[in-house]
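Visitor: Attaching a predicted model along with its sequence, questions to come.
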Amino acid sequence: MVACAGLCAAGGPAVRSVQFTGDGKSLVAGYEDGRVLVWTVDQARLAARWAGPTESVYAVAVIPGGQLVATGTGDGSIRLWSWPEGRRIAKLEGHQEAVLALAASPDGKLLASGSGDATIKLWQLPEGRLLETLAGHRDSVLSLAISPDGKLLASGSADTEIGLWSLPEGKLLGQMKRGKFKTLKTGLLSVAPGPGNATELGVRALEFSADGGELYSSGLEIKRGPGETARGAVRVWNVEDLHLERVYKEHLTMVVSLAVAADGRTLVSGSSDHTAKLYPLPGGEPAATWTHPGTVYTVAMSPDGQTVATGDSSGAVRLWDRNGKSPRSTLIDPAPRGEGSGLWRVRSQDRKAYGYADQAGVWRIAPRFDEAEEFSEDLALVRIKKQWLFIDPAGKEAVAVPQGVTECGPFHEGLARIKQGKLIGYLDKAGRIAIEPQFAEARASERSLILEPGVAVGLFSTASPGFREGLAVFEKERKQGYIDKTGKVVVVAQFDYASEFQGGRALVSADKKWGFIDASGRIAIPVQYDEATHFGEGLAAVRSGRIWSYLDGEGKAVLSVEFDEARGFSEGLAPVRQGKLWGYIDRAGKLSIAPQFSAAWDFHEGRALVANGKLPEWKLGFANRAGKLIDAPWYRWAGDFQGGVARVEAGFSREEHHPSVLIDRSGTILLDPQAVAAP
């Protein structure tokens, strides 16, 4: 089974867990914003919406027998649903923190749950009666797996240890330490890779082989000594004597999800490096590498082993043929919703206050705020007079912003960036200052201002709005580095510019040259290029002199192109400039969309924001993958699509007020503030 906690979505609401039903015809997906959706596999169609948005769903388990589905949520409870009706038949309570992992026995009579409270609970099905509570881990239980014969439970924890327990009694079986087996001590396998920041540690995924003879665990492999390096790892343990048999080290960063085919011939791994890899078993090089726009939090294999499902931080589920090179289908929730809430910020018709409305155009939180932001991680930042606070989707105060805070941003990975005077710190969701304000505000690079679509309306952002992949940019004496979530400096301030991490790599600049570092601060790709872009789908565009090339995560040039400017890939296409006009190339370097736009940006959900005209009067629109503009007017301002919706502002008169509206992928207006009805 797979659990994914601690690595937050980069754009969300992320897909946290996907599982095929027993007949392989349907797929149940749990999302960070609390949605539980059912998709048909053959038609790639949304068949049912069971829940959401409510508490985050971190784990899904389809119970053998075909009558139950279990979901683990952020409030510490487990919901049992009838299949296929989707009727909620029970709510199992007992954990003190979020349920991060679930695993069901082969006979469907036992459910194991792992939680942020460091315990495992065993439940009898279908009654939902609590049988045992297993203690032994020192930190959150992130992953669980039950052997094919139902006699062994494996648990992976943020304490970097694997627990082995007999079933149904829950007895600890042994301890692995430095490759030597010791009987009946703590039942924990010590697999800690060594020093590193917290987000890089922990056993986030476990899977038994089809015959139960091997156990696969996710991790990070660190090579000691000068020039220390780290690679995402899949470790293979012999279950009989608990020795380490082999290690796959194909990912650039932490492996966070695993799945094994029922026939035992295939293993799939997902990573924070934005890729999923498919391996033949019992050993061998990856037969396929599939790129994604974000962390691949969850992977699953169909019962016949022919289809792979992946879910990532972009909020999309992708279906891949076992031997395919590109996704067969991309499953995106067609019902637009604000991140983690189903609500959207709307200004009242008299322009005096902000509130929140749903897609149907009904006020759900009446307009009473002087300022308001969109929901992020189930919370929205609002201001009433001089007081800033965060509200929940019911409109109730959830987090108070302490007095003395002059600026506050939305939550990213559980922390919100705050400012006191001229110093930057971070606030947690309990309203406590988690990192005291002590850092200078990180400046944005001049180059980043040119690349952002917001320049069309004069919006400029700093180098980092908050945490990404467990690290945040800070500045000291006009140099930039990185801190972790405790405020500890993990990469000293040494760069002129430092970007957020994406896929385990961060773009940095020194002495007007550009390169990349990994999360330990090691130079992953030399700082030697005249220009460089962030990694997109495993490749980064760099320029030396007049030559643009695309590098993989190891710094190897895999493609050279003859254009005046190039950017990273998204959904298989990358913007390039020829003269004054922008178009798009495919991953072979061939023009897919001829240069025709004044500016062009990344694709999101099959649509790319493009511009025509000249600054400062750019007109913005959306192009599809064929380069055709959707049937809609040009906009003065527009944001990227997320969850099937984009916020845009029409009209070009600066003397008149033109409220922003929400549109779907065809350009149809879904929510117009002037038409919002009273609840």
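Guide: Cool, got the structure.

Visitor: dump the residue contacts of K25.
Guide: Contacts for K25 (CB atoms under 8 Å, 6 or more residues apart in numbering) come out as 40-42. Every C-beta, even on glycine, is put in place using the N, C-alpha and C of the backbone.

Visitor: Quickly name whichever of the residues you listed is closest to D333.
Guide: For those, the residue nearest D333 by CB to CB is T40; the value is 14.1 Å.

Visitor: In what element of secondary structure is the closest residue to that closest one other than its chain neighbours found?
Guide: Leaving aside its chain neighbours, T40 sits nearest to A47 (5.0 Å; criterion: CB to CB, 6 or more residues apart in numbering). Per DSSP states H and E, A47 falls inside strand 46-51.

Visitor: export that strand as CSV, just CAs?
Guide: Only the C-alpha atoms of strand 46-51 are listed here, as CSV (Å, rounded to 0.1, in the frame of the first residue of the first chain):
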residue,chain,number,x,y,z
LEU,A,46,-15.8,10.4,-13.9
ALA,A,47,-18.4,7.9,-12.7
ALA,A,48,-19.1,9.2,-9.1
ARG,A,49,-18.2,11.8,-6.6
TRP,A,50,-18.4,10.4,-3.1
ALA,A,51,-17.1,13.2,-0.9
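
Visitor: Show me the shaky parts of the stretch 451-600 of the chain.
Guide: 451-465 (pLDDT under 70).

Visitor: Isn't D304 up against G24?
Guide: Yes: judged on CB atoms under 8 Å, D304 makes contact with G24 at a distance of 5.9 Å.

Visitor: and those two? which has more neighbours close in?
Guide: Between D304 and G24, counted using other CB atoms under 10 Å, G24 has the larger neighbour count: 17 against 13.

Visitor: wait, is Q674 part of a strand?
Guide: No: assessed with DSSP: H, G, I helix; E, B strand; the rest coil, Q674 is helix; it does not lie in a strand.

Visitor: and it, how many neighbours?
Guide: Q674: 11 surrounding residues under other CB under 10 Å.

Visitor: which ones are touching it?
Guide: By CB under 8 Å, 6+ apart, the contact set of Q674 is 349, 659.

Visitor: next one: L415
Guide: L415 neighbours (CB under 8 Å, 6+ apart): 426-428, 434-435, 466-467, 472, 485.

Visitor: again, only using 6 Å
Guide: 426, 434, 467 (CB atoms under 6 Å, 6 or more residues apart in numbering).

Visitor: need those in CSV with distance to D672, neighbour count and secondary structure, can you?
Guide: Formatted as CSV, the contacts of L415 follow (distance: CB to CB, whole Å; neighbours: other CB atoms under 10 Å; DSSP: H, G, I helix; E, B strand; the rest coil):
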residue, distance to D672, neighbour count, secondary structure
Y426, 36, 25, strand
A434, 39, 17, strand
F467, 35, 25, coil
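
Visitor: Reformat these as a markdown table; add distance to A675.
Guide: Converted to a markdown table, those look like this (distance: CB to CB, whole Å):
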| residue | distance to A675 |
| --- | --- |
| Y426 | 39 |
| A434 | 41 |
| F467 | 37 |
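
Visitor: quick check, nearest of these to V576?
Guide: Checking the contacts of L415 one by one against V576 (CB to CB), the nearest turns out to be F467, at 31.7 Å.

Visitor: give me the number of residues near the closest residue to the closest one other than its chain neighbours?
Guide: Nearest non-adjacent residue to F467, counting by CB to CB, 6+ apart: E413, 4.2 Å away. Number of residues near E413 (other CB under 10 Å) recorded here: 20.

Visitor: Relative to L111, how far out is E413?
Guide: 29 Å (CB to CB, to the nearest Å).

Visitor: contacting residues for E605?
Guide: So E605 contacts 332, 641 (CB under 6 Å, 6+ apart).

Visitor: follow-up on the earlier one: from the contacts of L415, which single one is nearest D139?
Guide: Looking across the contacts of L415 and measuring by CB to CB, the closest to D139 is A434, at 17.9 Å.

Visitor: ok, the closest one touching I418?
Guide: No: applying CB atoms under 6 Å, one finds A434 not in contact with I418, separated by 9.7 Å.

Visitor: Which residue ranges of the stretch 351-500 of the chain form strands?
Guide: 354-357, 363-369, 371-372, 380-384, 387-391, 397-400, 407-412, 415-420, 423-428, 433-440, 472-476, 479-483, 489-495, 497-502 (DSSP state E, counting those that start in this stretch).

Visitor: I'd like those strands as a markdown table, with distance to G94 appended.
Guide: Below are the strands of the stretch 351-500 of the chain laid out as a markdown table (distance: least, CB to CB, whole Å):
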| stretch | distance to G94 |
| --- | --- |
| strand 354-357 | 33 |
| strand 363-369 | 32 |
| strand 371-372 | 37 |
| strand 380-384 | 31 |
| strand 387-391 | 28 |
| strand 397-400 | 24 |
| strand 407-412 | 27 |
| strand 415-420 | 28 |
| strand 423-428 | 25 |
| strand 433-440 | 28 |
| strand 472-476 | 35 |
| strand 479-483 | 36 |
| strand 489-495 | 36 |
| strand 497-502 | 36 |
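
Visitor: which stretch among those comes nearest I523?
Guide: When the strands of the stretch 351-500 of the chain are compared by CB to CB, strand 489-495 sits nearest I523, at 10.7 Å.

Visitor: next one: the closest one to chain centre, how far?
Guide: Per CA atoms, centre = their mean, to the nearest Å, the displacement of strand 489-495 from the mean C-alpha position of its chain is 25 Å.

Visitor: Quick check: which helices or strands does it pack against?
Guide: Counting contacts by 3 or more CB pairs under 6 Å, 6 or more residues apart in numbering; DSSP states H and E, strand 489-495 is packed against strand 479-483.
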